[in-house]
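Colleague: turn this into a structure:
(chains A, B, C and D)
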Number of protein chains: 2
Amino acid sequence: MEERVLTAKGAATRQRIVDGAALLIREQGVVNVGLDDIRAATATSKSQLFHYFPDGKADLMLAVARREADQVIAEQMPQLGDLTTWRKWQAWRRRVIKMYDEQRDGCALSALVGQLNLGDTTTRQVVGDMLDRWLQYLVDGVEALRASGEIDRSVDPVRAATAILTAVNGGATMLVATDRINYLETALTEAIDDLRRPKR
Amino acid sequence: MEERVLTAKGAATRQRIVDGAALLIREQGVVNVGLDDIRAATATSKSQLFHYFPDGKADLMLAVARREADQVIAEQMPQLGDLTTWRKWQAWRRRVIKMYDEQRDGCALSALVGQLNLGDTTTRQVVGDMLDRWLQYLVDGVEALRASGEIDRSVDPVRAATAILTAVNGGATMLVATDRINYLETALTEAIDDLRRPKR
DNA sequence: CGAAGAATGGACTGATGAGTCCAAAGTAGC
DNA sequence: GCTACTTTGGACTCATCAGTCCATTCTTCG
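Modeller: Next up, the predicted model:
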């Protein structure tokens, strides 16, 4: 739980390990990355790995999970944080699609989600928190559109935001599974366009 | 590639292995299931595993993948195959939500998708085919609604079906990742309800 | 029956990979 | 520059697990 006392050098090494591990895992998947691979890729020794992550691989994987979860949000900025007009929503949409299209090898989220051990509550927490933050940005965005009158009053911001978030995640999952981007593209576009369709 | 000559007994054993492996994997994830576990759970011997799956674990995993892919479709029947009225769409929707809600431990699809090795083209093919079939049922359903005038002519069946399929997959992924069903419930409901909202 | 081939049992091998350990090198503050 | 602590190197252990091999028991069918 408690972080040990780390010197600047130590902190840098720790970070190097997490970053290197994250990269390897994106490229090859959790299963195919061993501590020795990480060691080699980050120019460290076995003892360093266990020095900075006393509980071993699980510990390190959790650190990677946290890093990647933050990354997922960070990659969408600044657009995600400023969904105040229809035009900006479109910019975010394009950004997301482009983002996943480019790094189709390694969607950080999917690598995380897909390969977590069933019942791993800590990782679940990390992912859950990330999704909460993500959802909140979307809710804020929908509310902004509603406030400015760009979409109908009858739109429920939380429900709409949830639908959009799910479209992104579903699209990303299917992208990884099938290497086809069209699910993401279509579903996200439809979900956003639906904001402008009047409810009945 | 070619199946060997199997006696009835042999075929039964093979099936027992695939079924047992599938169950174990749903419960514990691919990573935590070894050939010895499968051997124990199915009352078989090592030589049997390699007799029926000459290429070893990868071979067996592929058989499991195929089985599970079929299962995903089969579990939604007969509703999925007869989405001809609005009422039937609702029945299917409830069915899907209930299905995932109950077996939240082991969504066959997610277990598959999440844990496949990156770049495993054969598994990708299996998943891709399954999604194609699934999508086709949805497209047929949307077209039926359109033909009967229950929804607007302007609805694009393929796009709408894609959005719905993505909602299910995204919801399922997030269910596994967070143990929360609400993403699936909300996103699927919204995606289906959007069918009835007039385009502009 | 009686061979040919299918099905089964289970010991054995070899590789891999997580985690341990101790000793050495660096660093900080007094 | 001395002591306490952090950081680093890397060999070693031990368990796990996929895959091999051969011997034995069934089945089928002429």
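Colleague: so where does the residue nearest the centre of chain A fall, helix or strand?
Modeller: Ranked by distance to the mean C-alpha position of chain A (C-alpha atoms, centre = their mean), the top residue is residue A:72 at 3.0 Å. Residue A:72 is part of helix A:57-74 when elements are defined by DSSP states H and E.
Colleague: now that helix - C-alpha only, CSV.
Modeller: Taking C-alpha atoms only, helix A:57-74 is exported to CSV below (Å, rounded to 0.1, in the frame of the first residue of the first chain):
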residue,chain,number,x,y,z
LYS,A,57,4.2,-9.4,-11.3
ALA,A,58,0.7,-8.8,-10.0
ASP,A,59,1.9,-5.7,-8.4
LEU,A,60,3.6,-4.4,-11.5
MET,A,61,0.6,-5.3,-13.6
LEU,A,62,-1.6,-3.2,-11.4
ALA,A,63,0.8,-0.3,-11.8
VAL,A,64,0.6,-0.8,-15.5
ALA,A,65,-3.2,-0.9,-15.3
ARG,A,66,-3.3,2.4,-13.5
ARG,A,67,-1.0,4.0,-16.0
GLU,A,68,-3.0,2.8,-18.9
ALA,A,69,-6.3,3.8,-17.4
ASP,A,70,-4.9,7.3,-17.1
GLN,A,71,-3.6,7.1,-20.6
VAL,A,72,-6.9,6.3,-22.0
ILE,A,73,-8.4,9.5,-20.7
ALA,A,74,-5.3,11.6,-21.4
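Colleague: buried residues of it, list them for me.
Modeller: In terms of neighbour count (16 or more other C-beta atoms under 10 Å in any protein chain shown), helix A:57-74 has its buried residues at A:57, A:60-69, A:71-72. C-betas here are computed from N, CA, C, even on glycine.
Colleague: with stretch A:188-200 instead?
Modeller: Neighbour counts over stretch A:188-200 (16+ other C-beta under 10 Å) mark A:188-195, A:197 as buried.
Colleague: pLDDT on that stretch, on average?
Modeller: For stretch A:188-200, mean pLDDT rounds to 88.
Colleague: so is that stretch next to chain B?
Modeller: Yes. Stretch A:188-200 reaches chain B (C-beta under 8 Å from any C-beta of the partner chain) through A:190-191, A:194, A:196-200.
Colleague: and of the buried residues of stretch A:188-200, the nearest to residue B:32?
Modeller: Nearest to residue B:32 among those, counting by C-beta to C-beta, is residue A:188 at 33.7 Å.
Colleague: just to revisit the earlier point, same list, the buried residues of stretch A:188-200, but as a markdown table with secondary structure and distance to residue A:45 please.
Modeller: What follows is those, written out as a markdown table (DSSP: H, G, I helix; E, B strand; the rest coil; distance: C-beta to C-beta, whole Å):
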| residue | secondary structure | distance to residue A:45 |
| --- | --- | --- |
| A:188 | helix | 44 |
| A:189 | helix | 49 |
| A:190 | helix | 51 |
| A:191 | helix | 48 |
| A:192 | helix | 49 |
| A:193 | helix | 54 |
| A:194 | helix | 54 |
| A:195 | helix | 53 |
| A:197 | coil | 59 |
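Colleague: quick check, nearest of these to DNA strand D?
Modeller: Using C-beta to the nearest atom of the strand, residue A:188 comes nearest to DNA strand D of those, at 37.8 Å.
Colleague: the closest residue to that closest one other than its chain neighbours and DNA strand C: what is the separation?
Modeller: Excluding the flanking residues, the one nearest residue A:188 by C-beta to C-beta, 6 or more residues apart in numbering or on different chains is residue A:167, at 4.8 Å. Distance, residue A:167 to DNA strand C, by C-beta to the nearest atom of the strand, to the nearest Å: 35 Å.
Colleague: go ahead and confirm residue A:167 touches residue B:170.
Modeller: Yes. If you go by C-beta atoms under 8 Å, residue A:167 and residue B:170 touch, sitting 6.1 Å apart.
Colleague: any idea how far residue A:88 is from the residue in chain A that DNA strand C sits nearest to?
Modeller: Using C-beta to the nearest atom of the strand, residue A:56 is the residue of chain A that sits closest to DNA strand C, at 2.5 Å. Taking C-beta to C-beta, to the nearest Å as the measure, residue A:56 and residue A:88 are separated by 44 Å.
Colleague: which one's more surrounded, those two?
Modeller: Neighbours were counted for residue A:56 and for residue A:88 using other C-beta atoms under 10 Å in any protein chain shown; residue A:88 has more, 17 against 11.
Colleague: where's the more buried one, which helix or strand?
Modeller: helix A:86-102.
Colleague: identify each buried residue in that helix, please.
Modeller: Applying a neighbour-count criterion of 16+ other C-beta under 10 Å, one finds A:88-89, A:92-93, A:95-97, A:100 buried in helix A:86-102.
Colleague: list of residues touching it?
Modeller: With contacts defined as C-beta atoms under 8 Å, 6 or more residues apart in numbering or on different chains, helix A:86-102 is touched by A:75-76, A:79-80, A:82-83, A:107, A:141, A:145, A:150, A:168, A:171-172, A:175, A:181, A:184-185, A:188-189, A:192, A:195-196.
Colleague: what parts of chain A come near DNA strand D?
Modeller: Residues of chain A lying close to DNA strand D (C-beta under 7 Å from any atom of the strand) are A:4-7, A:9-11, A:13, A:43-48, A:51.
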